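Novice: everything below, folded, please.
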Amino acid sequence: MMKNILLSVRVTVRPFERCTLPLTHGQFLQKVLFDTLGSTGKELHDRKEYRPFSVWGISLPPSTKIKDHAYQLEPFHSGYFDVVFFYEELINIAASRWKKLERGVLRIGSCAFKVTKISLMYKGTQFFGHNRDAQTLDIALKSPYHIVGEDGFGELLEVGQVRLANILETPRKAYNHISGSEMSRETLLEKCNALTLKKDRSKLVHIRFPYYKNGKQIIKKGHKGKLVFQGTMDSQLIDLVKLSNFVGVGHGRTYGLGKVYARVR
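Specialist: Just a heads-up that it's a prediction; the model follows:
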């Protein structure tokens, strides 16, 4: 397998029977992830100074009913979730073990799912370097987790407090692995600081996700909204924007657990 590669695994699932799936089910997907990788995969994961994967929540049809902060699933509801790896040794293990799950069974929380399809997609260095300069960046994001703030810790932020460099921090780590070149945190800050946030065209709201652990209710707080930045972006920054659509956002151990849809024009 070629080096400096990114692996995206799309897992399509369908519940066997009626069940409820919490809106905040990221911790269940992380368990599935570690169970699938096994002890060798977990050792490789823990050895890295950053979390070399991201996992997105399950995407379900818009018609799926929500009640008591949970999806009300029926057997005909089909959905999918994506897992992305950007560490060479982990990719080799993940590709073979995830493929074996096709037509198998996954338990996510209290729901048992049939795995109807496993799709593997590889992205290498050809993913980069073919971008023209752009002037406007649109980012739509939804994350049940905090965004890194000025002090380096995750916190709830208002529109004017959000730093583009912190949204693109996880893509930067993936970029450094698969691009064959290194972008420092300082370089990312410099590129992002050259852009201006258009507050009149941006909106960010705080969202609450209750979930239960050991019978105790815990409230997760996060963000949802759209941010518009303007200024000249070089091809390297555009590469990071493209990557953000694959690897998501988050903070600390939750890197990659938010969804981002970004485009430049």
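Novice: name the residues that touch the longest helix along the chain?
Specialist: Assignment by DSSP state H gives helix 26-47 as the longest helix of the chain. Contacts with helix 26-47, where a contact means CB atoms under 8 Å, 6 or more residues apart in numbering, come from 22, 51-53, 55, 57-58, 81, 83, 87, 89-90, 93-94, 97-98, 101, 106-109, 144, 254, 257. For glycine as for every other residue, the C-beta is placed from the backbone atoms N, C-alpha and C.
Novice: and what about the residue nearest to residue 128 when sequence neighbours are not counted, helix, strand or coil?
Specialist: Ranked by CB to CB, 6 or more residues apart in numbering and with sequence neighbours excluded, the top spatial neighbour of residue 128 is residue 239, at 4.7 Å. Taking DSSP: H, G, I helix; E, B strand; the rest coil as the rule, one finds residue 239 in the helix state.
Novice: check the gap between residue 239 and residue 97 for me.
Specialist: Counting by CB to CB, to the nearest Å, the gap from residue 239 to residue 97 is 29 Å.
Novice: neighbour-wise, which of these two wins?
Specialist: Between residue 239 and residue 97, residue 239 has the larger neighbour count (other CB atoms under 10 Å), namely 23 against 16.
Novice: how about residue 172, what does it touch?
Specialist: Taking CB under 8 Å, 6+ apart as the test, what residue 172 contacts is 183, 185, 188, 240.
Novice: so which of those residues is the most crowded?
Specialist: The residue in the contacts of residue 172 with the most neighbours, by other CB under 10 Å, is residue 240 (27 neighbours).
Novice: give the contact list for that residue.
Specialist: Under the criterion of CB under 8 Å, 6+ apart, the contact list for residue 240 reads 168, 171-172, 175, 183, 188.
Novice: could I get the buried residue list for the longest helix of the chain?
Specialist: Of all the residues in helix 26-47, those buried under the rule 16 or more other CB atoms under 10 Å are 26, 28-30, 32-33, 36-37, 41, 44-45.
Novice: run through the neighbouring helices and strands of the helix or strand immediately after that helix in the chain.
Specialist: Using DSSP states H and E, the next helix or strand after helix 26-47 towards the C-terminus is strand 53-55. Based on contacts counted as 3 or more CB pairs under 8 Å, 6 or more residues apart in numbering; DSSP states H and E, the elements that strand 53-55 packs against are helix 26-47, strand 79-85.
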